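>>> Below: sequence and its predicted model.
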Amino acid sequence: MMNAFPLPLLTEKDPRDSAEGGLDPLGLYSISDALGVKLVPGVRERQSHPRFLTSMAVSLAVCEGLEDVMASDGVSTPRLVFEWYLVEGMIRAAGSREEVVGIPGSQKARNAKDAAVPLSARRYLKTPGVFGFHGIYRLLARSLGIEQGERLGEAGFELLRAWEREQGLQGFASLGGSGPGAKMRRLLREAVEDGLSTAATARSRTWPEWSFFQRHLNIHRVGPLEARFIAERLQGDVTGHRGELLQFLVSKAGWRLWSKHPDERTLHTAMLRQAGAELTPLMEAISAYEDFARLCQDAFDDILVELTRTSTKTSLHALAALPSVILASQRVPELFPEVMAKLEPFDQSPRFVESFASLAERDFAVEWVKCLTAHHRRVQRSKLPDGKNAWFECFDDGSLIIRPLYRREEGGKHDGSYVHAYRAASLAMFARDLHLTPT
């Protein structure tokens, strides 16, 4: 499926104060994320709809001059208050549930609407700075120059001008302007100011402007001028390879390949045939690191399945007999020097050695699986703020028993695919929304 996001391995959401840690059990993600940032700066795995960049530009314009103001709850910013209005407005004006798919916080807004209460910090996302649309798209907005120093950047102003022209909202982009856009900006500003006073959305369900958000900022209906501007900014990457990757993805060959088989290793392998001198070593580093990650992850996943199957104390010798463990115990030490060398130009080699040197020792499979399980326990103990529990209990004789929360019925993929995402799925959804895909 094109909209699948191969995020870090997870179980269920970890409460902030929980001792459980269901994310990234081998600590493989941080290096892949650093490589992804170098490859596609600003783009994150959770991003899917580039029109949120326009919503951010609108938010920055509406909240201009309020940057140092805080809501009466002491925690909510003007931009968060605007976000509440946008998400609630999308829910109130949506003609169907499909129209709000992909909008962060939409279920929270629906719950508030059904309960006939205003949206507020208590009823919204617990960490909106990470999971709200401002949090998800902030890095990209800064990378494109839409936001600059917490204010509207030059590119943001240009985006607003294209949007207002296309939406018939002349006067919105310029403070103190005239026209229907200027009036709408004043109405939104007043709503945000009242929301800051009440620390919640401060408009009744009959407020006519709720429809503004669906009519003019619907994430599925980017106008041609607006789409062209965002696409040009995305393709004009000068610090990474976002433009190069996007251009290949939307070429006839690239799009045909992705549409048929949305797999990043396959896409990168095809792109390597025409990649430039700067991109080639980065893609080779990603490929080598993912070879390493796949071996480790498959072995770990198969260990979880075997521990689930036995449901009792299982010896390291029994786990060392698993084919994926045998393969990893042989291949990981062989790969280690190659991966280390390929990561060196991207400043990831020291982190790689520090994190995974214990897995590079050439030894019998039983010793390697002992190192892998010890590595997992170290990774869990190092997680902030106070460490997390390992996924299994370890006994004095070295045997293991899986903890119920982490029982697993499905083992490793064993298909050579990447363990981590390198933003192609996000770029593919951007391409679709921005009308860049080949006809």
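Nice, I can see it.
>>> could you point out which element follows the longest helix along the chain?
Using DSSP state H, we find that the single longest helix of the chain is helix 279-310. Toward the C-terminal end, the helix or strand that comes next after helix 279-310 (DSSP states H and E) is helix 316-320.
>>> Contacts made by that next one with the rest, please.
Outside of helix 316-320, the residues within contact range by C-beta atoms under 8 Å, 6 or more residues apart in numbering are 303, 306-307, 310, 325-326, 329, 364-366, 368-370, 373, 398-400. In short, each C-beta sits where N, CA and C put it, glycine included.
>>> if we can go back for a sec, mind checking how far the longest helix of the chain is from the chain centre?
Mean-position distance between helix 279-310 and its chain equals 20 Å (C-alpha atoms, centre = their mean, to the nearest Å).
>>> Could you do stretch 362-375 as well?
Put simply, stretch 362-375 sits 32 Å off its chain's centre (C-alpha atoms, centre = their mean).
>>> Just the C-alpha atoms of it, please, in PDB.
Below are the C-alpha coordinates for stretch 362-375, written out as PDB (Å, rounded to 0.1, in the frame of the first residue of the first chain):
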ATOM      1  CA  ARG A 362      33.200 -13.500  15.600                       C
ATOM      2  CA  ASP A 363      32.000 -16.300  17.800                       C
ATOM      3  CA  PHE A 364      29.600 -19.200  18.000                       C
ATOM      4  CA  ALA A 365      25.900 -18.500  17.500                       C
ATOM      5  CA  VAL A 366      25.200 -19.100  21.200                       C
ATOM      6  CA  GLU A 367      27.600 -16.400  22.200                       C
ATOM      7  CA  TRP A 368      26.200 -14.000  19.600                       C
ATOM      8  CA  VAL A 369      22.600 -14.400  20.800                       C
ATOM      9  CA  LYS A 370      23.900 -13.800  24.300                       C
ATOM     10  CA  CYS A 371      25.400 -10.500  23.100                       C
ATOM     11  CA  LEU A 372      22.200  -9.600  21.200                       C
ATOM     12  CA  THR A 373      20.000 -10.100  24.300                       C
ATOM     13  CA  ALA A 374      22.400  -8.200  26.500                       C
ATOM     14  CA  HIS A 375      22.400  -5.400  23.900                       C
END
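>>> what about it, average pLDDT?
The average of the pLDDT scores along stretch 362-375 is 94.
>>> Return the set of buried residues in it.
Buried residues in stretch 362-375, defined by neighbour count with 16 or more other C-beta atoms under 10 Å: 365-366, 368-373, 375.
>>> Check stretch 65-74 too.
Quick answer for stretch 65-74 (16+ other C-beta under 10 Å): 66, 71.
>>> try stretch 218-225
Under the neighbour-count criterion of 16+ other C-beta under 10 Å, stretch 218-225 has 218-219, 222-223 buried.
>>> contacting residues around it?
Stretch 218-225 is contacted from outside by 49-52, 54, 90, 99, 102-103, 162-163, 165-167, 230, 433-435, using C-beta under 8 Å, 6+ apart.
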